[in-house]
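A.B. asks: Prediction below, plus the sequence it came from.
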Amino acid sequence: MKKYILLCLTIISAFSFKSYSQQAKVNSGDKNYDNYAYVDAIKTYEKAAQKGYKSEDMFKKLGNSYYFNSDFDGAVKWYGELFAMNTNLEPDYYYRYAQSLKSTGQLDKANKVLDEFNIKYKGDNRGKLYKENVNYLDQIKANSGRYKIEDAGINSKYSDYGSFVYNNKLYFASARDTGNFSQRKHKWTGEYFTNLYDADIDATNNSASKVHKFKSALNTKFHEATPVFTKDGKTVYFTRNNYVNGKKGKDENKITLVKIYKATLEKDGKWGNITALPFDSDNYSTAHPALSPDEKTLYFASDMPGTLGQSDIYKVSVSDAGAYGTPENLGKPINTEGKETFPFVTNEKEIYFASDGHPGLGGLDVYVGQIEDNGTITGIQNLGADVNSPKDDFAYIIDPVSRLGYFSSNKDGGLGSDDIYKFLETKRLRCIQELNGNITNSETGAILPGAKVTLYDMGSTDPKKSVIADAAGYYNFAVECGKSYNVRAEKEEFSTKEVNITIGKLTGKTSLPIALDPATCKVTIGDDLGKCFKIKMIYFDLDKSNIRTEAALDLEKILVVLNDNPSMKLDIRSHTDSRASFKYNEALSDRRAKSTIQWLVKNGIAPNRLTGKGYGETQLVNKCADDVPCTEAEHQENRRSEFIITAL
């Protein structure tokens, strides 16, 4: 995969040089390198190297020039020279060297470099992911064998990549247009600039044919790529060099980067009103747009400020009126210190993307993650060795119904530097489970329609999903295979019940019926909530006010009721027997009431819902006052805690 993966499709001018000293060659190479003219930089640096010139900086740039052009054999050679001179290098060189070694089949050496990388740079997320997934090759193997893959039928000997299907046509970018005399080569890759093309799709076998250059104002003399159309066909987003209305934009280093542009279909059937999106900038790149199924969110790749690595996946809201929100970095775990790019989102809340920062086979691999309701990305997995290879694999799209799709790769055996492949996914990667059951009365077995059922991740207090049991008392959730959850069922006049469940590891259904106990009592303002749970007293160590284990277990019951009834308020009253002095009993009971309040507040109850006071021996429930002979059981009746409901 070439320079457009890195989002920096620069435009440079050719220049010539003539020098007889090795240092002059290196200086000239540096100019090419700084202008992203990697093909010319390689030629210049290697001439100096052949003459015996050695430099850590030159080896870094030589390795990078090959790496950024996905020539991993060349990258291994020069990164090897670099590490022979110095092993105290920046983290990116460790990671790029390891990726290049993996891409050339040297897995053992690559893993050794990754081990060194993880020791030296413990804070780098790429090293953490490698360490946490030390057996990542086993997972990749397990995820393989699920595709039937073929050449898409529209490739040339030049770069072809980045597919999008709309209205029975396959749209893609290609560098094949060499017919124009003035057509210029891109100095990064040595290939011609890419334009947009389309091809007809045969619905019976997903084959593409009859390739045409996209005849519209979308194509210019510079790079265009990765178009995505809205469902009504009236709007297209696409990637282009920073060039519109005949004017080039440049960053502070006079480099022309890439932007996401928007065009609309005019009445005459031509594309017009081509404008850069409002969050684009001359000083960073945005590229490879992807729309969510409801078209309310645009996903894209960028190296804008706040990016974790070389490029990250972002999203931005799109209003019905066409206004855009503030771009939001999707953060970890999807983004790493490496490259994440080419997002694609399905109506199954899956996000596919390419990355060289997650453990993979080398170069860019394609991964999939699940988009949770709160926007976080979970369950990231490598798609396996059918799609992925030791080279760059990217730009994956799939129809979630037919399971047909396309991806791009520069893997061995293709026609050009990048090729487009079609596929049929024959086996789903993601294990899909349904958790279901009926809510019933534990005493009578009667169904309980209308019960509220809430799903929680194990150990979390934030609800994941909530449903209301239907007329048959039935509920169901879509859940992840092999994951553990807490399920809470609640209904008026029944005690709330929470059950733990671990989901099976194979696609299917997990049944969890829940029987609720009828509530033992009904309470109203002025009642003692503690009596519902037969809480006579909250236990403390002798003459102390610290909460004991037994007390915490009872307070958990009170806590659940307060959480389930957010408008409930309590007055907590602590009482003692008449033994010890009046003053001592009053102070001790007051400390105990306050300690009880502090425990509930610490566990999430708002302080304004709780009042409390210690009454000492002033509210005895029997005759056992000072100097009155009583049994221990009679004294126990006076040592009590009350949870009086003051509001509902």
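C.D. replies: That came through, no problem.
A.B. asks: contacts and neighbour counts: CA atoms only from here.
C.D. replies: Will do.
A.B. asks: and the next element down the chain from the longest strand anywhere in the chain?
C.D. replies: Looking across the chain with DSSP state E, the single longest strand is strand 432-441. Counting by DSSP states H and E, the next helix or strand C-terminal to strand 432-441 is strand 452-457.
A.B. asks: can you give me the angle that following strand makes with strand 432-441?
C.D. replies: For strand 452-457 against strand 432-441, the angle by axes from the mean of the first three to the mean of the last three C-alpha atoms, to 10 degrees is 140 degrees.
A.B. asks: what sits up against strand 452-457?
C.D. replies: For strand 452-457, contacts defined as C-alpha atoms under 8 Å, 6 or more residues apart in numbering pick out 462-469, 475, 477, 484-491.
A.B. asks: Just the C-alpha atoms of it, please, in PDB.
C.D. replies: As requested, the backbone C-alpha atoms of strand 452-457 are provided in PDB (Å, rounded to 0.1, in the frame of the first residue of the first chain):
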ATOM      1  CA  LYS A 452     -38.300  -4.500  33.600                       C
ATOM      2  CA  VAL A 453     -35.200  -6.500  32.700                       C
ATOM      3  CA  THR A 454     -31.800  -4.800  32.600                       C
ATOM      4  CA  LEU A 455     -28.500  -6.100  31.300                       C
ATOM      5  CA  TYR A 456     -25.200  -5.200  32.900                       C
ATOM      6  CA  ASP A 457     -21.600  -6.100  32.000                       C
END
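A.B. asks: In its sheet, which strands sit next to it, and in what direction?
C.D. replies: Taking DSSP bridges as the criterion, strand 452-457 sits next to strand 463-468 (antiparallel), strand 484-490 (antiparallel) in its sheet.
A.B. asks: Please tell me how far the residue nearest the centre of the chain sits from Pro333.
C.D. replies: Residue closest to the mean C-alpha point of the chain, counted by C-alpha atoms, centre = their mean, is Ile377 at 2.7 Å. According to C-alpha to C-alpha, to the nearest Å, Ile377 and Pro333 sit 7 Å apart.
A.B. asks: do Gly482 as well
C.D. replies: 20 Å.
A.B. asks: average pLDDT for stretch 406-413?
C.D. replies: Throughout stretch 406-413, pLDDT has a mean value of 91.
A.B. asks: Show me which positions of that stretch end up buried.
C.D. replies: Buried residues in stretch 406-413, counting neighbours by 16 or more other C-alpha atoms under 10 Å, are found at Tyr406, Phe407, Ser408, Ser409, Asn410, Lys411.
A.B. asks: try stretch 238-245
C.D. replies: Within stretch 238-245, the residues that count as buried by 16+ other C-alpha under 10 Å are Phe238, Thr239, Arg240, Asn241, Asn242, Tyr243.
A.B. asks: What of stretch 599-616?
C.D. replies: Under the neighbour-count criterion of 16+ other C-alpha under 10 Å, stretch 599-616 has Trp599, Leu600, Val601, Ile605, Arg609, Leu610, Thr611, Gly612, Lys613, Gly614, Tyr615, Gly616 buried.
A.B. asks: From start to finish, how long is that stretch in a straight line?
C.D. replies: 20 Å.
A.B. asks: Can you list the neighbours in contact with it?
C.D. replies: 547, 555, 559, 562-563, 568-577, 582, 585-594, 597.
A.B. asks: Then stretch 627-647?
C.D. replies: Residues from elsewhere that reach stretch 627-647 (C-alpha under 8 Å, 6+ apart): 524-530, 535-538, 567-578, 617, 620-622, 624.
A.B. asks: Filter those down to just the ones in helices.
C.D. replies: Counted as lying in helices by DSSP state H, out of the contacts of stretch 627-647, are Leu529, Gly530.
A.B. asks: Any of the contacts of stretch 627-647 buried? List them.
C.D. replies: 527-530, 535-538, 568-578, 617, 620, 624.
A.B. asks: before we move on, the earlier item: give me the helices and strands touching the longest strand of the chain, please.
C.D. replies: Counting contacts by 3 or more C-alpha pairs under 8 Å, 6 or more residues apart in numbering; DSSP states H and E, strand 432-441 packs against strand 474-480, strand 508-511, strand 514-516.
A.B. asks: and Tyr166, which of those is closest to it?
C.D. replies: Tyr166 lies closest to strand 474-480 among the helices and strands packed on strand 432-441, at 30.1 Å (C-alpha to C-alpha).
A.B. asks: Longest helix in the protein, please.
C.D. replies: Every helix in the chain considered (DSSP H), the longest is helix 582-602.
A.B. asks: The buried residues of stretch 406-413 into a markdown table, with extra columns for secondary structure and distance to Ile398?
C.D. replies: Below are these laid out as a markdown table (DSSP: H, G, I helix; E, B strand; the rest coil; distance: C-alpha to C-alpha, whole Å):
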| residue | secondary structure | distance to Ile398 |
| --- | --- | --- |
| Tyr406 | strand | 7 |
| Phe407 | strand | 9 |
| Ser408 | strand | 12 |
| Ser409 | strand | 15 |
| Asn410 | coil | 19 |
| Lys411 | coil | 20 |
